[in-house]
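**Student:** Here you go, sequence then predicted model.
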There are 2 protein chains.
Amino acid sequence: MNTVRVNLGSRSYDIVITPGDPAGIGPFVRSVLRKASTALVVCDANTQAHGRAAEATLAASGLRTGFATVPAGEPSKSMEQLAKLYDALYDLAADRSTAVVAVGGGVIGDLAGFAAASYNRGLPLVMVPTTSLSMVDSSVGGKTGINHPKGKNLIGAFHQPAGVWIDLSYLDTLPEREFLSGLAEVVKYGVILDADFFAYLEANAAEIRARAPQALMHIVSRSCRLKADVVEKDEHETTGLRAVLNYGHTFAHAFETCGGYGTLLHGEAVAIGMECAARLAQKMELIGADFVARQTKLLQALALPIVPPAQWRTDELIAVMRRDKKAVGGQMRFILPTRIGEVKLFDNVPEPLVRAVLESR
Amino acid sequence: MNTVRVNLGSRSYDIVITPGDPAGIGPFVRSVLRKASTALVVCDANTQAHGRAAEATLAASGLRTGFATVPAGEPSKSMEQLAKLYDALYDLAADRSTAVVAVGGGVIGDLAGFAAASYNRGLPLVMVPTTSLSMVDSSVGGKTGINHPKGKNLIGAFHQPAGVWIDLSYLDTLPEREFLSGLAEVVKYGVILDADFFAYLEANAAEIRARAPQALMHIVSRSCRLKADVVEKDEHETTGLRAVLNYGHTFAHAFETCGGYGTLLHGEAVAIGMECAARLAQKMELIGADFVARQTKLLQALALPIVPPAQWRTDELIAVMRRDKKAVGGQMRFILPTRIGEVKLFDNVPEPLVRAVLESR
Ligand SMILES: NC(=O)c1ccc[n+]([C@@H]2O[C@H](COP(=O)([O-])OP(=O)(O)OC[C@H]3O[C@@H](n4cnc5c(N)ncnc54)[C@H](O)[C@@H]3O)[C@@H](O)[C@H]2O)c1
Ligand SMILES: NC(=O)c1ccc[n+]([C@@H]2O[C@H](COP(=O)([O-])OP(=O)(O)OC[C@H]3O[C@@H](n4cnc5c(N)ncnc54)[C@H](O)[C@@H]3O)[C@@H](O)[C@H]2O)c1
Ligand SMILES: [Zn+2]
Ligand SMILES: [Zn+2]
C-alpha cells in the first residue's frame, strides 16, 4: 500500500493506493470523513458491481447509503444526469456532511464530483477510480464538470476530494482498450515532468501492458505524485503552472469535439495530441527528431494510436482549437516540450505550422 | 459615494455605493477587471433598460459585450435558464477573463453568479444589484445558486464577485412591495448584530419608507458592512458563524417552499420568519415580550407582514424545516435572538414549541 499526500492547506487529502482491498473503502471513508453519517455511491452500468461492493463496506462501517447508477460513457456528463444525481441526493435527505462516493472512471468522477461541488454549495467527495485514466489523472486535483453540447468540460467547478481510494484490482475487469488509453496520461507525466520516469516507462513497457502488479503500483503512485506536485503549485489554474498538464490536450479536445464523443477514447486522443504537439515543437525547432522518435516509440509500445483519422477536416479542428478554454482572446496557445521532462507554454503559435502538423497524416 | 471593502485575502473586493451614476459601471468593471476584454450582461425583463444602459457604458469602456435576458421571477433560478446563460457565454466565445455582469435582483445575481461560478470552472463576476434586497444582501458574500424542484437554492456554489456596483437610483423603478420586502433583511442585521442600527431604523422608519436618499445611503452601506463582517469571518459557512445571517430563514424557507414560490416575496417570508423566531425565542425564555414587541413594531412600521397565511399546514412546514440545509441529521436548529444585536444557534429545539408558534396565527 502506498499513500500520496496532496498538500493544499485546509483542503489537503490522501490518495491511498492498494493492490486489492475491496473491504477497505468503508473504513477509509470513515477515517477521512468522521462526521459523515450518509453516503451516496455513484457508479455507471459497468462499475455497478464495484459500486455495490463499496456500498456494502460503507454500510458495514455504519453509514446510511444511497445508490445511483448512470449509463456508461461520456454522454452521461450532462445536465440530465446531473439533475438525476441531485434528485438522488434529495431523496437521501442529504445534508452538508453527506459523502458522495464516486466509483467509476473519469466520467463518474467528473459528474459525481460536480454534483458534490454544487449540491448544497458543496458536499464532501471521495473518489474511487476504477479505470487506469481516472487512477492516474482525473481523480486527483479537484477538477469536476460536465459537457456543454458545444464543448467538453465547459461547465464545472474546482472541488477537491476529501480522499482518493485507488484499488488496483479494479483494473482486472477493465477492457484492454480502456486500460491502454489511460497510459497516455502516464506517458504525459514522463514527458512534461520526469525524464527518469519516462525512461522507466520505456524499460518496462511490456510489464505495464501485461498489468504486472509491481509495475502498476509504481506507475500509479508516481503519476499521482507528479500530478499532485503540479496541483499543489497551482490549485485553480491561475498561475499558469497547472497548464503543463494540458500537454497534448489542445489537440486532443479538438479531436474529441470534431470526432464526436465516442470515436476516440480520451487517452487515445491525448496520445495522438502528444504526437502532434511533439511534431509541432519539432517544426518550431524546440526539440529534435530524436525526441519525437522516442515518444512515438513509447506510445506505440503501449499500443496507443498516433495518427489523427484522415476524415477530420483541418479547418474544423483549427476552429475548435481557437475556442479552446486555454485560448485567451482567440490566440493559439500550446504546451510544448523543450526536452524530455520539461514543457513550456507558447503563445501565438503560427497557425500554418499547426495546420501542417494536422495535414501530414 | 461610499465604499465597503470585503476582506477575503486574494478574493477581496469593493462594494461601491453611489446615489446615481449609471455611466459609472464601465469604468468600474474596467478598474476591477483589468484583463477583461468581453462581458456578458445578464438581466431580466424588468431590468432590461438598466441592463442596456450598463451594456452601453461597458462598450464605451472598450469591452465587447453580449446580452442575455431571462424571464423575471424566482422560476428563472432553474437548470433551463442556467443552460441558456451557458449558451450565451458560448456564443460570446467567452474565455476565462470574460466578465459576467449581473444587472438585476437576487434572482439574476444568484443565477448569473452560478453560471459564472461554473462556466469554464469560473469566470469573474460583477454584481449590479437593482432591488433593495439584492443591494443589502444577495449581491454580497459569494453565494450563488439555483433552485431544485424540491428545494430552494439546493444547487449552487460559493463564488465571490470581483466587485459590486450599487446605484441607488435604480430603486426609483422598483415597485413598492419589492422595495419594502428588501427592508426585512435590513431589520435582520439590526437584530442579529447591531442594536444601534436597530434603533436608527426605529427612529427613521418613515424616511426609509419614503426612500429618502440619505437614509438609503446609510442603510445600504451599513447593511453591506455588517454582512461583510460576517462573511469575512466565515466565508464558506464552515465555522458556523455565518449561520447568524439565517435568522428568520429556517421558517422563511419553509414558507416559500410550502406556499409555492411566488406567494410571498423572499423578504416578506423573512419578516414573518423573524416574527416566528422571536416568538419561539420568547417561548424558550431567551428574550422577553419587550423584544418581540419592538421587532413587531419596526416590521409593521416598514409595512412588512408578520403572520403566516392560515392555510399553510403545520405538518408540512415542519417536514420542510427538518430537511432544511442548515439541519444536520434531521435535528431542528434555529438562530434565535438573546437580545437586540445578538443571536445564537440553538440545536435540538423542541418540536412542540415550533408547532405552537406556527399554530398561534
Ligand atoms: N477531472 C479531471 O481532471 C480529468 C482529467 C482527465 C480526464 N477527465 C475526464 O475523464 C473522462 C474519461 O475517463 P475514463 O477514461 O475513466 O472514462 P469512463 O469513466 O467513461 O470509463 C471508461 C469505460 O470503462 C468502464 N469502466 C470503468 N471502470 C471499469 C472497470 N473497473 N471494469 C470494467 N469497466 C469499467 C466505464 O463504464 C466506461 O465504459 C473524460 O470525460 C475526461 O474529460 C477528467
Ligand atoms: N445569494 C444570496 O446570498 C441571497 C441572499 C438573499 C436572497 N437571495 C435570493 O434572492 C432572490 C430574491 O431577490 P429579489 O428580491 O431581488 O428578487 P428578484 O430578483 O426576483 O427581483 C424582484 C422583482 O423586481 C424586479 N426588479 C428588479 N430590479 C428592478 C428595478 N430596479 N426596477 C423595477 N423592477 C425591478 C424583478 O424583475 C423582479 O420581478 C431569491 O431567489 C433569494 O433566494 C440570495
Ligand atoms: Zn487528459
Ligand atoms: Zn434572505
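**Tutor:** The structure has been received and is ready for your questions. Ligands and ions are numbered 1, 2, ... in the order given.

**Student:** and stretch A:142-149, which residues are buried?
**Tutor:** Of all the residues in stretch A:142-149, those buried under the rule 16 or more other Cβ atoms under 10 Å in any protein chain shown are A:Gly142, A:Lys143, A:Thr144, A:Gly145, A:Ile146, A:Asn147, A:His148. Just so you know, the C-beta spots here come from the backbone N, C-alpha and C atoms, and that holds for glycine as well.

**Student:** tell me which of the residues you listed is nearest to ligand 1?
**Tutor:** Checking these against ligand 1 with Cβ to the nearest ligand atom, the nearest one is A:Lys143 at 3.7 Å.

**Student:** Am I right that that closest one is in contact with A:Gly156?
**Tutor:** Yes. Using Cβ atoms under 8 Å, A:Lys143 is in contact with A:Gly156, at 6.6 Å.

**Student:** so what's in contact with those two at the same time?
**Tutor:** A:Asp110, B:Arg121 (Cβ atoms under 8 Å, 6 or more residues apart in numbering or on different chains).

**Student:** ok, is stretch A:337-352 in contact with chain B or not?
**Tutor:** No. Using Cβ under 8 Å from any Cβ of the partner chain, stretch A:337-352 stays clear of chain B, with a minimum separation of 13.2 Å.

**Student:** Could you give the number of residues near A:Ser10?
**Tutor:** A:Ser10 has 7 neighbouring residues, counting by other Cβ atoms under 10 Å in any protein chain shown.

**Student:** Any regions of chain A where pLDDT drops low?
**Tutor:** A:260-262, A:324-331, A:361 (pLDDT under 70).

**Student:** what's the residue nearest the centre of it in contact with, if anything?
**Tutor:** In chain A, the residue lying closest to the centroid (Cα atoms, centre = their mean) is A:Ser138, at 2.7 Å. By Cβ under 8 Å, 6+ apart, A:Ser138 lies in contact with A:Gly105, A:Gly106, A:Gly109, A:Asp110, A:Pro129.

**Student:** same thing but at 7 Å, please
**Tutor:** A:Gly106, A:Gly109, A:Asp110 (Cβ atoms under 7 Å, 6 or more residues apart in numbering or on different chains).

**Student:** Name the helix or strand for the residue lying closest to A:Leu92 once chain neighbours are set aside, please.
**Tutor:** Nearest non-adjacent residue to A:Leu92, counting by Cβ to Cβ, 6 or more residues apart in numbering or on different chains: A:Gly66, 3.9 Å away. Taking DSSP states H and E as the definition, A:Gly66 sits inside strand A:64-70.

**Student:** So that strand, near ligand 1 or not?
**Tutor:** No. Judged by Cβ under 6 Å from any ligand atom, strand A:64-70 stays clear of ligand 1, getting no closer than 9.6 Å.

**Student:** ok, and what's touching that strand?
**Tutor:** So strand A:64-70 is contacted by A:37-45, A:48, A:51, A:55, A:58-59, A:76, A:81, A:84-85, A:88, A:91-92, A:111 (Cβ under 7 Å, 6+ apart).

**Student:** which non-adjacent residue is nearest A:Met127?
**Tutor:** A:Met127 sits nearest to A:Ser139 (Cβ to Cβ, 6+ apart), 3.8 Å away.

**Student:** near ligand 1, which residues of the stretch 1-150 of chain A show up?
**Tutor:** Checking the stretch 1-150 of chain A against ligand 1 by Cβ under 6 Å from any ligand atom, the hits are A:44, A:46-47, A:72-74, A:77, A:104-108, A:110, A:130-131, A:133-134, A:137-138, A:141, A:143.

**Student:** again, only using 8 Å
**Tutor:** Residues of the stretch 1-150 of chain A found near ligand 1 (Cβ under 8 Å from any ligand atom) are A:44-47, A:50, A:72-74, A:76-77, A:104-110, A:113, A:129-134, A:137-145, A:147.

**Student:** Can you say which of those are buried?
**Tutor:** For these, buried by 16+ other Cβ under 10 Å: A:44, A:46-47, A:50, A:72, A:74, A:76-77, A:104-110, A:113, A:129-134, A:137-145, A:147.

**Student:** what ranges do the strands span in the stretch 251-361 of chain A?
**Tutor:** For the stretch 251-361 of chain A, the strands defined by DSSP state E, counting those that start in this stretch occupy A:334-339, A:342-346.

**Student:** Format the ones you listed as TSV; extra columns: mean neighbour count and distance to ligand 2.
**Tutor:** Listed next are the strands of the stretch 251-361 of chain A as TSV, based on neighbours: other Cβ atoms under 10 Å in any protein chain shown; distance: least, Cβ to the nearest ligand atom, whole Å:
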stretch	mean neighbour count	distance to ligand 2
strand A:334-339	20	37
strand A:342-346	17	36
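
**Student:** Distance check, A:Asp347 against A:Thr238.
**Tutor:** Plainly put, A:Asp347 is 17 Å away from A:Thr238 if you go by Cβ to Cβ, to the nearest Å.

**Student:** With A:Ala356 instead?
**Tutor:** Distance of A:Ala356 to A:Thr238, given as Cβ to Cβ: 33 Å.

**Student:** the more surrounded of the two?
**Tutor:** A:Ala356 (14 against 11).

**Student:** neighbours of A:Ser360, just the number please.
**Tutor:** Neighbours of A:Ser360 (other Cβ under 10 Å): 11.

**Student:** same deal with A:Met284?
**Tutor:** With other Cβ under 10 Å as criterion, A:Met284 counts 14.

**Student:** And the residue of chain A found nearest ligand 2, its phi and psi?
**Tutor:** Per Cβ to the nearest ligand atom, A:Arg121 is where chain A lies closest to ligand 2, at 10.0 Å. Main-chain torsions, A:Arg121, degrees, to the nearest 10: phi 60, psi 30.

**Student:** same question, A:Gly51
**Tutor:** Per-residue torsions, A:Gly51: phi -60, psi -40 (degrees, to the nearest 10).

**Student:** In contact with the nearest residue to it once chain neighbours are set aside, which residues?
**Tutor:** Nearest non-adjacent residue to A:Gly51, counting by Cβ to Cβ, 6+ apart: A:Cys43, 3.2 Å away. Counting by Cβ under 7 Å, 6+ apart, A:Cys43 makes contact with A:His50, A:Gly51, A:Thr69, A:Val103, A:Gly104, A:Ile108.

**Student:** hmm, who's touching the helix or strand encompassing the first one?
**Tutor:** Secondary structure here is read from DSSP H and E; on that basis A:His50 sits in helix A:48-60. By Cβ under 7 Å, 6+ apart, the list of residues contacting helix A:48-60 from outside reads A:22-23, A:25-26, A:29, A:39, A:41, A:43, A:65, A:67, A:69, A:101, A:103, A:128, A:130, A:170.

**Student:** Kindly report the same for stretch A:336-354.
**Tutor:** Stretch A:336-354 is contacted from outside by A:191-195, A:198, A:240, A:243-244, A:247, A:277-278, A:280-281, A:283-284, A:286-287, A:291, A:294, A:318, A:331-335, using Cβ under 7 Å, 6+ apart.

**Student:** Which of these fall in helices?
**Tutor:** Judged by DSSP state H, helices contain the following of those: A:191-193, A:195, A:198, A:277-278, A:280-281, A:283, A:291, A:294, A:318.

**Student:** Buried subset of these as a ChimeraX selection?
**Tutor:** Selection of buried members from these for ChimeraX, criterion 16+ other Cβ under 10 Å:
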select /A:191,192,193,198,277,278,280,281,283,291,294
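
**Student:** Check the ones in helices among the contacts of stretch A:336-354 and tell me the two furthest apart.
**Tutor:** Across the ones in helices among the contacts of stretch A:336-354, no pair lies farther apart than A:Ala195 and A:Ile318, at 31.8 Å, counting by Cβ to Cβ.

**Student:** phi, psi of A:Pro305?
**Tutor:** According to degrees, to the nearest 10, A:Pro305 has phi -70, psi 150.

**Student:** May I have the helix holding A:His50 exported as PDB, CA atoms only?
**Tutor:** Extracted in PDB, the C-alpha atoms of helix A:48-60 (Å, rounded to 0.1, in the frame of the first residue of the first chain):
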ATOM      1  CA  GLN A  48     -22.100  -1.300 -10.700                       C
ATOM      2  CA  ALA A  49     -20.600  -4.400  -9.100                       C
ATOM      3  CA  HIS A  50     -17.700  -2.400  -7.700                       C
ATOM      4  CA  GLY A  51     -20.300   0.200  -6.500                       C
ATOM      5  CA  ARG A  52     -22.400  -2.400  -4.700                       C
ATOM      6  CA  ALA A  53     -19.400  -3.800  -3.000                       C
ATOM      7  CA  ALA A  54     -18.300  -0.300  -2.000                       C
ATOM      8  CA  GLU A  55     -21.900   0.300  -0.700                       C
ATOM      9  CA  ALA A  56     -21.700  -2.900   1.400                       C
ATOM     10  CA  THR A  57     -18.500  -1.800   3.100                       C
ATOM     11  CA  LEU A  58     -19.900   1.700   3.700                       C
ATOM     12  CA  ALA A  59     -23.000   0.200   5.300                       C
ATOM     13  CA  ALA A  60     -20.800  -2.200   7.400                       C
END
